[in-house]
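J.: After the sequence you'll find the predicted model.
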Amino acid sequence: QVQLQESGPGLVKPSQTLSLNCVVSGGSITTSYYSWTWIRQPPGKGLEWMGAITFDGTTYYNTSLNSRAFISRDTSKDQFSLQLSSVTPEDTAVYYCAAASAPGTGFDAWGQGTTVTVSS
């Protein structure tokens, strides 16, 4: 069973770039049809899908992020990462990575979440 673990800085200053990493265990990020997703939840708000990278390296992004997000992967380590540039306090949230084994099936696994605060 796939398990996910996020890691991140905790605190980022406005205008900087936020970098988060998700380590995958119990499976390979190149396993066919899997997609690997970043989701966040700001305080008092709902979940927001940020973007995903599929098993073959194709990426998808939420257009509301105005091209600030970039998702990459390291297949040798079964890890994938999120970079979010030009952060503001509105990017303060709990950030989750999640895995889906096939399109349209929902998420099979979630990380525990990592809190990121954007503040000077």
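T.: Alright, I've got the coordinates. Numbers count the residues shown, from 1 in each chain.

J.: Check whether the most centrally placed residue in the chain sits in a helix, strand or coil.
T.: Centroid-nearest residue in the chain, with C-alpha atoms, centre = their mean: Trp38, separated by 2.5 Å. Three-state call for Trp38 (DSSP: H, G, I helix; E, B strand; the rest coil): strand.

J.: neighbours around Glu6, how many?
T.: Using other C-beta atoms under 10 Å, Glu6 has 22 neighbouring residues. Quick note: C-beta positions are derived from backbone N, CA and C, even for glycine.

J.: beta partners for it?
T.: Beta-bridge partners recorded for Glu6 (DSSP bridges): Cys22.

J.: show me the contacts for it.
T.: Leu20, Asn21, Cys22, Tyr95, Tyr96, Cys97, Gly111, Gln112, Gly113, Thr114 (C-beta atoms under 8 Å, 6 or more residues apart in numbering).

J.: quick one: contacts for the fourth one?
T.: Under the criterion of C-beta under 8 Å, 6+ apart, the neighbours of Tyr95 are Glu6, Gly8, Leu20, Trp38, Ile39, Arg40, Leu82, Gly113, Thr114, Thr115, Val116.

J.: from memory Pro42 sits against Thr92, does it?
T.: Yes - with contact defined as C-beta atoms under 8 Å, Pro42 counts as touching Thr92 (6.3 Å).

J.: what about those two, which has more around it?
T.: Shown here are Pro42 and Thr92; by other C-beta under 10 Å, Thr92 has more neighbours (17 against 14).

J.: From Lys13, how far out is Ser119?
T.: According to C-beta to C-beta, to the nearest Å, Ser119 stands 7 Å off from Lys13.

J.: Any idea how far apart the tips of stretch 26-34 sit?
T.: End-to-end distance for stretch 26-34: 13 Å, by C-alpha to C-alpha, to the nearest Å.
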